[in-house]
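In: Structure here, sequence nowhere to be found:
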């Protein structure tokens, strides 16, 4: 029986990876050209393509959840769906983080690595949706600030790569520079994966051994002043803001990893009362439907 359950999970995961890979390749030559040729401005074409990506990712997330391969919970997810002109910053413990977040954010802007931007396989997709390349750091900051000014939510993983389980967070300064250049509010997202099977060097065989649980907690928005910014020059302020963001996320992750007394029973019902967040109000943890 255990082998059948393992084989079931493995089959679902393999199917999702195939959809992700083959689907991205086929989209480049089918749906995305149609969207590009549809009347409208370049931004309108980008938004249509992002909504398509959002729908596909939402379907993959729903498949993983419905088949029992993944359990997904979230706090304050409505804030993600209404995050226009906000800089959404998240830690990055799992390979699925970007899929889950974009599944909750229909029009989000993203920064992608230059290697992916130039990829023959996925490059056409990320260019069609108008994501931003990280090839030039100064241009990257300006492009992100411009996207935020136009109303788009901007999703950034400040570490620049997936977190190594058990190691301390090491944020790059790009996210702080974007926040300072744009003046946008920061929407922190704390993500956990239990067991930590989706990190660097993950194995599909290991993931299929048991159901994994991903939880993301959307905190209250932060202004630059909330993080101690007092109008310093950008170079100095970016360094200080990066350290404060590291400390904020580290503290939030440690608090999240400590279960609150009495919450274990509630968690089995799928909805539970959360503790006070950074803004002082109580949130609800909900199994994502």
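Out: Noted; the coordinates are in hand. This is a predicted model, so every value here is computed, not measured.

In: Residue 154: how many residues sit nearby?
Out: 27 (other C-beta atoms under 10 Å). All C-beta spots, glycine's among them, are computed from the backbone N, C-alpha and C.

In: before we move on, what about residue 86?
Out: Residues near residue 86, counting by other C-beta under 10 Å: 21.

In: residues touching residue 42, list them.
Out: Each residue near residue 42 by C-beta atoms under 8 Å, 6 or more residues apart in numbering is listed here: residue 130.

In: Repeat the analysis, applying 10 Å as the threshold.
Out: For residue 42, the contact set (C-beta atoms under 10 Å, 6 or more residues apart in numbering) comprises 36, 130.

In: now it: how far from residue 32?
Out: 14 Å (C-beta to C-beta, to the nearest Å).

In: same deal with residue 213?
Out: From residue 213 to residue 32 the distance is 33 Å (C-beta to C-beta).

In: who has more neighbours, those two?
Out: Between residue 213 and residue 32, residue 32 has the larger neighbour count (other C-beta under 10 Å), namely 22 against 14.

In: and the nearest residue to the more buried one once chain neighbours are set aside, how many neighbours?
Out: Excluding the flanking residues, the one nearest residue 32 by C-beta to C-beta, 6 or more residues apart in numbering is residue 128, at 4.3 Å. By the criterion of other C-beta under 10 Å, residue 128 has 22 neighbours.

In: Touching, residue 128 and residue 37? I think so.
Out: No. With contact defined as C-beta atoms under 10 Å, residue 128 does not reach residue 37; the gap is 11.4 Å.

In: Give me the common contacts of these two.
Out: Contacts common to residue 128 and residue 37, judged by C-beta under 10 Å, 6+ apart, are residue 45.
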